[in-house]
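A.B. asks: how would this look folded up:
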Amino acid sequence: MSNRSWFFASAGKQQGPYSEDQFRDLIAQGVVRAETLVWTEGMPGWQKAAEIPGMFSGGGGRRPMPIGAGPAGISGSGRLSMDFGILEFTWRSIVLLLGLVFVIPAPWALVWYMQWIVPCVQVPGRPNISFTGRAMTIVPWYFGAVVLMIAVNLTGLQWLSQLMSLVQIALGWLFLKWTIANIASNGQPVGLSFSGSIWIFLGWNVLAVIALITIVGWAWVYVAQLRWICQNIQGTRREVTFTGTGLELLWRSIVAILASVFIIPIPWVYRWMWQWLASQTVLADRSRQAHV
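C.D. replies: Numbering: from 1, shown residues only. Now for the predicted structure:
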């Protein structure tokens, strides 16, 4: 039996995840009806329960479907990919930069940019990826950090400057959780979450700073951190792994830095790096791995 989790829509809200046994009970209790929209990993989008073969008996009785195999033609594993137009990237990045420079519009500019860049990622078995985050969610974090930064600069106290560095790392952790939680497919939330501890996240960032002393060691630290982040993505029956190596990241970063010196190649370099990062992110079916 598969270990997949199921979701259903009720009153305009997503309910779940539920194990297969729990989902069977919901069908038997009449909570999940023929017209209820349901979804599980591997389905191309939300569907009415009655449209899924075997979920209900032909006579209209509510008999749990043999929940095992996913829909035909949907791959349970594969690599991510990413692509976007150079011209669109250029003007959108300029607008984002202006938003950050003028401070106040930054949250809205960032969300606008995320709503463009996230759909550029192609995920096996997940059509029409999108980003549903709202700027007002991050406004309190952002302007709180701005006020704190102003206060630190006014006091000139060294220990407050160190505190600001910790706050920035904490904001990075919150931003990561917020981003992952707002990934959608076909306009419906995917149900992902990030379970990594803020203290471990802090440790990775401190280690990355220390690794700069070695000149090249930072690349291996960042790759290890990416693997840790992937391992802590929850809400999917597919295991997320990062297969890139520190050496690959190092030489690509050196090439990117050298090319960026000439300014014009920056958009192509940006796309090249992101395409590599996406291609090194692999989704593997946990149920298949369990039978290997």
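A.B. asks: any idea how far the residue positioned nearest the centre of the chain lies from Ile229?
C.D. replies: Centroid-nearest residue in the chain, with CA atoms, centre = their mean: Ile180, separated by 3.5 Å. From Ile180 over to Ile229 the distance is 9 Å, taken as CB to CB, to the nearest Å. Any C-beta I mention is one placed from the backbone N, CA and C, and that applies to glycine too.
A.B. asks: per-residue confidence for the closest residue to Val118 other than its chain neighbours?
C.D. replies: Among residues not flanking Val118 along the chain, Phe131 sits closest, at 3.9 Å (CB to CB, 6 or more residues apart in numbering). pLDDT for Phe131: 95.
A.B. asks: joint contacts of Ile180 and Ile229?
C.D. replies: Phe194 (CB atoms under 8 Å, 6 or more residues apart in numbering).
A.B. asks: what about stretch 257-266, start to end distance?
C.D. replies: 9 Å (CA to CA, to the nearest Å).
A.B. asks: centre of the chain versus it, how much separation?
C.D. replies: Offset of stretch 257-266 from its chain centre (CA atoms, centre = their mean, to the nearest Å): 28 Å.
A.B. asks: buried ones in that stretch?
C.D. replies: Across stretch 257-266, burial judged by 16 or more other CB atoms under 10 Å covers Ile266.
A.B. asks: before we move on, back to that, what residues are up against the residue nearest to Val118?
C.D. replies: Phe131 touches Val111, Met114, Gln115, Ile117, Val118, Pro119, Thr179, Asn182, Ile183, Ala184, counting by CB under 8 Å, 6+ apart.
A.B. asks: and those residues, which is closest to Trp268?
C.D. replies: Distances from Trp268 to those, taken as CB to CB, are shortest for Ile117 (16.0 Å).
A.B. asks: I'd say the closest one and Phe84 touch.
C.D. replies: Yes - if you go by CB atoms under 8 Å, Ile117 and Phe84 touch, sitting 7.2 Å apart.
A.B. asks: centre of the chain to the longest helix seen in the chain, how far?
C.D. replies: In the chain, assigned by DSSP state H, the helix with the most residues is helix 158-181. Centroid displacement of helix 158-181 relative to its chain, using CA atoms, centre = their mean, is 18 Å.
A.B. asks: and what of stretch 14-31?
C.D. replies: 26 Å.
A.B. asks: ok, stretch 263-282 next?
C.D. replies: The chain centroid and the centroid of stretch 263-282 are separated by 17 Å, computed with CA atoms, centre = their mean.
A.B. asks: and the pLDDT for Val146?
C.D. replies: 91.
A.B. asks: mind checking the SS state of it?
C.D. replies: helix (DSSP: H, G, I helix; E, B strand; the rest coil).
A.B. asks: which one is it nearest to, not counting chain neighbours?
C.D. replies: Val103 (6.7 Å).
A.B. asks: which SS state does Leu249 fall under?
C.D. replies: Taking three-state DSSP as the rule, one finds Leu249 in the helix state.
A.B. asks: so where does the closest residue in space to it that isn't next to it in sequence fall, helix or strand?
C.D. replies: Excluding its sequence neighbours, the residue lying closest to Leu249 (CB to CB, 6+ apart) is Ala219, at 4.4 Å. Secondary structure assignment for Ala219, by DSSP states H and E: helix 218-231.
A.B. asks: give me the contacts around whatever helix or strand comes next after that helix.
C.D. replies: Tracing the chain past helix 218-231, the next element assigned as helix or strand by DSSP H and E is strand 233-234. Outside strand 233-234, the residues that touch it by CB under 8 Å, 6+ apart are Ile180, Leu192, Ser193, Phe194, Ser195, Val240.
A.B. asks: any idea what the fourth one is bridged to?
C.D. replies: The residues listed as beta-bridge partners of Phe194 by DSSP bridges are Ile233.
A.B. asks: on that earlier part again, tell me the phi and psi of the residue nearest to Val118?
C.D. replies: phi -120, psi 130 (degrees, to the nearest 10).
A.B. asks: and if you look at the one 3 residues further on?
C.D. replies: Reported as degrees, to the nearest 10, the phi and psi values for Arg134 are phi -120, psi 140.
A.B. asks: in contact with it, which residues?
C.D. replies: Arg134 neighbours (CB under 8 Å, 6+ apart): Val111.
A.B. asks: just the element for the closest residue to Gly16 other than its chain neighbours, please.
C.D. replies: Nearest residue to Gly16, sequence neighbours excluded (CB to CB, 6+ apart): Phe7, at 3.5 Å. Taking DSSP H and E as the definition, Phe7 sits inside strand 6-10.
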